[in-house]
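[1] Here's my sequence, what's the structure:
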Amino acid sequence: MTGPLKKVIIVGAGPSGLLLALRLAQKQINVTVFEATPGPSNQPRATHYGIPAVWELRRAGVIDELRKDPECFQFDVMCWRKLDGTYLSGMDTRDLNRPGQPYDDRIVVLTLNKVIAVLEKMVAKCETATVKYGHKVLPGVEQDGEKAWVTIERSDGVTEKHWADYIVGCDGASSQIRRSLFGDKEFPGYTWDHQIVATNTYYDFHKYGWEDSNFIIDREHSFMAARIGVKEPLWRVTYTEINGLTTEEIQARQAKKFEIMFPGHPKPGSGEYKVILTSPYKIHQRCAPSFRVGRYLLAADAAHLCNPFGGLGLTGGIVDVGGLADCLVGIHEGKTSDRILDEYSRVRIEKYKTIIDPISTENFRRLWNQDPDKALENDDFIKLLKANEGNVELSRQMQLGSLGILHDFSASFDNIKPAEPLSEKVDISAVTVTPVAN
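    Coordinates of the predicted model:
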């Protein structure tokens, strides 16, 4: 297919689904977003957006809107420590902002519910976009040479059938679109033996000289502590736990773990910290067999999953939809045929397998699968960071290496000359991905 698209359906009104809807509507493509829940998510969940995500959000006009929120900020230093607080190595994100350089794309921090609210407001201003909450997609795949269909169950129990030129599953890890295409159990990869507990906790880590983002290496008590509050000492503390524990068992163990983990070792019941959110969840490394089956497409968590230590899941999903938007807009404007969607699937799977999966796996294992006393001797990444401390240019190159997960699909369009590569301002050939916190 080449030429104007009549309609695109997106399933899922999370950040990726809404960003895709915005990008398409900005090009006057008719787009409808179906979301099963009754309204926008109010869960803070992910909080940090890596450099590639910031790049995509900036070109969609979103990043400037996010920065209007007084709770949005860019953190300064990320580092790796031992459990006793000993600093091992780190990097300063301010190295990206040298005078005369074009980038102000340091990692941005803002809770996901606020990001979703901004995206929803921007989408609502687009005449060709509609978001329908309380509309659950039912199992089933139906398509022909011109259209694809989804069957929707509304919150009042009424079922409806809707068609589109393309249907995009942005409906998360349990994606109905993916399960309809490949089956309920066909999501290749594995589930980690460790589970993760994400918390939002008031505690003044800065008081003890800790940086804005801290990764703690320890075989039993590995965790991440990253600042998410501007005016108050609110931190995202995410730690590993034993698999199989109930939520009640996790909460019963939490105070003792925090006494061991936190600098200052606050006693249970001391009132020195306050936990306002505890969210345990299993973590996975998985990737769908294909991100395209005819007129059905997958992106973000519906297409692939990785552990959150490194932020490559959220950032990777945002990059997915940025590239997919370019492809669909290219088809709409007659600049390419639908073969570009096969290229989208091939490239995004390759990026997952060669960058996102191995590096996110390495980021996670680094925290609990080594002797922290020997990390400076044995961990190549930690050693490289240590060697680069004080070298602004090398620090900059390492951090911008994360842009390697981007891809310029317009260079593969059928009827136009290759566009200027994304590397016109920075070198994105490196695949060293700087971890961020989710």
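[2] Surely residue 297 touches residue 324?
    Yes - assessed by CB atoms under 8 Å, residue 297 is found in contact with residue 324 at 6.6 Å. Every residue, glycine included, has its C-beta placed from N, CA and C.
[3] joint contacts of these two?
    Common contacts of residue 297 and residue 324 (CB atoms under 8 Å, 6 or more residues apart in numbering): 168, 344.
[4] Skip the chain neighbours and tell me the closest residue to the spatially most central residue of the chain.
    The C-alpha lying nearest the average C-alpha coordinate of the chain belongs to residue 314 (CA atoms, centre = their mean; 0.6 Å). Distance criterion CB to CB, 6 or more residues apart in numbering; nearest residue to residue 314, sequence neighbours excluded, is residue 46 at 4.6 Å.
[5] what about the one you found, how many residues close to it?
    24 (other CB atoms under 10 Å).
[6] Next one: it, what pLDDT does it get?
    According to the prediction, residue 46 has pLDDT 78.
[7] Let me see the mean pLDDT of the helix or strand where the residue nearest to the centre of the chain lies.
    Using DSSP states H and E, residue 314 sits within helix 312-332. For helix 312-332, mean pLDDT rounds to 97.
[8] Stretch 374-387 too?
    Stretch 374-387 comes out at a mean pLDDT of 95.
[9] now do the same end-to-end measure for it.
    16 Å (CA to CA, to the nearest Å).
[10] If we go by neighbour counts, what in that stretch is buried?
    Across stretch 374-387, burial judged by 16 or more other CB atoms under 10 Å covers 375, 379, 381, 382, 385.
[11] what do you get for stretch 189-203?
    By neighbour count with 16+ other CB under 10 Å, stretch 189-203 contains the buried residues 192, 194, 195, 196, 197, 198, 199, 200, 201, 203.
[12] Take the residues you listed and keep only those in helices.
    Among the buried residues of stretch 189-203, DSSP state H puts none in helices.
[13] Columns pLDDT and distance to residue 79 on top of those, output as a markdown table?
    Formatted as a markdown table, these follow (pLDDT from 0 to 100; distance: CB to CB, whole Å):
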| residue | pLDDT | distance to residue 79 |
| --- | --- | --- |
| 192 | 95 | 24 |
| 194 | 88 | 22 |
| 195 | 91 | 25 |
| 196 | 93 | 20 |
| 197 | 95 | 22 |
| 198 | 93 | 20 |
| 199 | 94 | 20 |
| 200 | 94 | 21 |
| 201 | 97 | 19 |
| 203 | 98 | 17 |
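[14] Save those as TSV, and put in distance to residue 128 too.
    Below are these laid out as TSV (distance: CB to CB, whole Å):
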residue	distance to residue 128
192	41
194	44
195	42
196	39
197	42
198	36
199	40
200	37
201	42
203	46
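[15] before we move on, the earlier item: verify the stated contact: the residue nearest to residue 314 with residue 301.
    No - in this structure residue 46 lies outside contact range of residue 301 using CB under 8 Å: 10.7 Å.
[16] Show me whatever sits in contact with both of those two.
    By the contact definition CB under 8 Å, 6+ apart, residue 46 and residue 301 are jointly contacted by residue 313.
[17] Mind putting the buried residues of stretch 374-387 into TSV with secondary structure and distance to residue 272?
    What follows is the buried residues of stretch 374-387, written out as TSV (DSSP: H, G, I helix; E, B strand; the rest coil; distance: CB to CB, whole Å):
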residue	secondary structure	distance to residue 272
375	helix	29
379	coil	32
381	helix	33
382	helix	30
385	helix	31
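[18] Closest one of those residues to residue 267?
    residue 375 (29.1 Å; CB to CB).
[19] just checking, residue 88 touches residue 211?
    No - using CB under 8 Å, residue 88 is not in contact with residue 211, being 11.8 Å away.
[20] Could you tell me which residues touch both of the two?
    Shared contacts of residue 88 and residue 211 (CB under 8 Å, 6+ apart): residue 79.
[21] In the buried residues of stretch 189-203, find the pair that's most separated.
    Going by CB to CB, the pair spanning the buried residues of stretch 189-203 furthest: 192 and 203, at 26.3 Å.
[22] which stretches of the stretch 151-300 of the chain form strands?
    Secondary structure of the stretch 151-300 of the chain by DSSP state E, counting those that start in this stretch: the strands cover 159-164, 166-169, 189-202, 213-217, 223-227, 234-241, 274-287, 292-293, 296-298.
[23] Show me how this protein divides into domains.
    Annotated domains of the chain cover 8-75+111-188+285-424, 192-283 [automatic domain parsing].
[24] Next one: the residue with the largest distance to the centre of the chain from residue 85, what distance?
    Distance from the centre of the chain peaks at residue 270, with 35.2 Å (CA atoms, centre = their mean). Relative to residue 85, residue 270 is positioned 19 Å away (CB to CB, to the nearest Å).
[25] Count the residues that sit near the closest residue to residue 293 other than its chain neighbours.
    Nearest residue to residue 293, sequence neighbours excluded (CB to CB, 6+ apart): residue 181, at 5.0 Å. By the measure other CB under 10 Å, the count of residues near residue 181 is 21.
[26] what's residue 181 in contact with, if anything?
    Here residue 181 is in contact with 141, 293, 296, 298 (criterion: CB under 8 Å, 6+ apart).
[27] And it, how close does it get to residue 328?
    18 Å.
[28] in this protein, which ranges drop under the pLDDT threshold?
    Regions of the chain meeting the criterion pLDDT under 70 cover residues 1-2, 44, 98-103, 415-438.
[29] If the residue lying closest to residue 67 once chain neighbours are set aside is in a bridge, with which residues?
    Spatial nearest neighbour of residue 67, excluding adjacent residues (CB to CB, 6+ apart): residue 108 at 7.7 Å. Per DSSP bridges, the residues bridged to residue 108 are residue 49, residue 74.
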